[in-house]
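Q: From the sequence below, what's the structure:
(one chain, ligands or ions: 2)
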Amino acid sequence: MKILAIETSCDETAIALISVCGKSASDGRAKDGLGSPINARPQLKILKNFVASQIKIHRPFGGVVPTLAKREHLKNLPFLFKKLIGKNSAESNFLWPIDLIAVTTGPGLEPCLWTGIEFAKELYRKVKKINPKSKIIGVNHLKGHLYSFLLSKEILKYKKLKDVFPAVALIVSGGHTILLLMKNLTEYRKLGETRDDAAGESFDKVARLLNLPYPGGPEIEKISKKGNEKAVNFPRPMINQKNYDFSFSGLKTAVFYYLRDNQKKETINKADIAASFQQAVIDVLTAKTIKAAKEFKAKTILVSGGVAANKKLRLTLKKEAKKNNCAFIAPPLKFNMDNAVMMALAAYVASSKKEKTKISAKGDFPL
Ligand code: KG4
Ligand code: ZN
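A: Ligands and ions are numbered 1, 2, ... in the order given. Okay, here's the model as predicted:
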């Protein structure tokens, strides 16, 4: 089936077209509790994938400005759609083979979500005229991140998807930090989440304290390479607590106080502070993920979301996973950041389950 997906939940406008088919597995379906055709690893092809980043627009403000983001989405969507069709194809020729239109309905910035939804609905009206069997579906952005591991190279080694599970999945983005236990692709439960700032948000806020541009994560990662992660012993919030929740706002405050109290010292070094902060975040994320993997005898650790683009976090998780006889799967770097391919995948999973969702923007939309 061909799925066209639209993602506008925050500051990336993204459109993608994928073709996907799930070969039905010959056994184990009932055991997995998976409906056909999801039991087997989906065979997917990314036909088109465009992302228009708004970083330059929001950078002077140190974060995403919702009204500007909405304006950019309105401008970018028709532009990206034209690119998707390409120069040599008529719109109707392009649209006829589309079986499903997927659009992110939350969580995210509501004015931004609505631009994507309106655009998707308009497109669906046209597609339906050409292909009356086509459908439209609203998709949870977090499910997009969750299923982005299906885009990894590692997953190609698996003949049956059930061999990935049980898995512990860590979603670390600008708005969320969630740890899940996955029994299979569609059955999972939340083990814990952040009680205040998300991991990515703490990277962004600490970057601002260090006068580094938005978004802070990649900047902190870059400067940390020149720093000593042992220079400052920042707290590792909740690391020893017997739960799977996180808290990052105290860590950000610790960086603030450290900078305030040491600003006159000549020895103060931005790279050391960034590296020490980054290490504190990595230590907490890794400790809790590994603890969950051990407790629930996970076969696999999955990580996704913008912060999962952090190479040191990926390497640390991978190393610790190996020590504990777990496989480690993360999407290719570019698919950690918001994109529409992951939303198309989440739509595929939802459509296989025949999930019905109302297509309206939900700023807060739990997994
Ligand atoms: O998943 P994402 O693109 O958008 C949300 O759904 O929030 O994540 C964006 C977040 C930002 O907070 C950004 O600073 C962080 O991911 N990020 C990183 C890195 N690249 C992006 N954090 C740490 N290290 C990185 N390399
Ligand atoms: Zn995201």
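Q: quick one, strands of the chain?
A: 2-7, 12-22, 42-53, 100-106, 135-140, 167-172, 177-182, 188-193, 300-304, 327-329 (DSSP state E).
Q: which outside residues touch the fifth one?
A: When you say that, I think you mean strand 135-140. 5, 99-107, 117, 120-121, 124, 343, 346-347, 350-351, 355, 357-360, 365, 367 (CB atoms under 8 Å, 6 or more residues apart in numbering). Where you see a C-beta, it was placed from the backbone N, CA and C, and this is true even at glycine.
Q: partner strands of it, parallel or antiparallel?
A: strand 100-106 (parallel) (DSSP bridges).
Q: Could you tell me the angle between the strand it pairs with and strand 2-7?
A: Strand 100-106 runs at 20 degrees relative to strand 2-7, counting by axes from the mean of the first three to the mean of the last three CA atoms, to 10 degrees.
Q: Distance from strand 100-106 to the middle of the chain?
A: Remark: strand 100-106 is offset 15 Å from the chain centroid, using CA atoms, centre = their mean, to the nearest Å.
Q: And for stretch 81-101?
A: 26 Å.
Q: what's the burial count for the closest residue to ligand 1 within the stretch 101-250 of the chain?
A: At 2.0 Å from ligand 1, residue 217 is the closest residue in the stretch 101-250 of the chain, using CB to the nearest ligand atom. The number of residues packed near residue 217 is 28, by other CB atoms under 10 Å.
Q: Identify the residues contacting it.
A: So residue 217 contacts 200, 203, 204, 207, 306, 307, 309, 310 (CB under 8 Å, 6+ apart).
Q: Give me the pLDDT value at the closest residue to residue 55 other than its chain neighbours.
A: In this structure, residue 55 finds its nearest non-sequential neighbour in residue 215, 6.6 Å apart by CB to CB, 6 or more residues apart in numbering. Note on residue 215: pLDDT of 94.
Q: Over to the one 10 residues further on?
A: Looking at residue 225, its pLDDT is 97.
Q: Flag every residue of this structure that's near ligand 2.
A: Counting by CB under 5 Å from the ion, the chain comes close to ligand 2 at 173, 338.
Q: Give me the helix or strand of the chain that scores worst on average pLDDT.
A: helix 29-32 (a mean of 32; mean pLDDT, DSSP states H and E).
Q: can you give me the offset of stretch 260-270 from its chain's centre?
A: On CA atoms, centre = their mean, the centre of stretch 260-270 falls 35 Å from the chain's centre.
Q: Which one (most neighbours) among the contacts of residue 217?
A: Busiest of the contacts of residue 217 [other CB under 10 Å] is residue 203, holding 30 neighbours.
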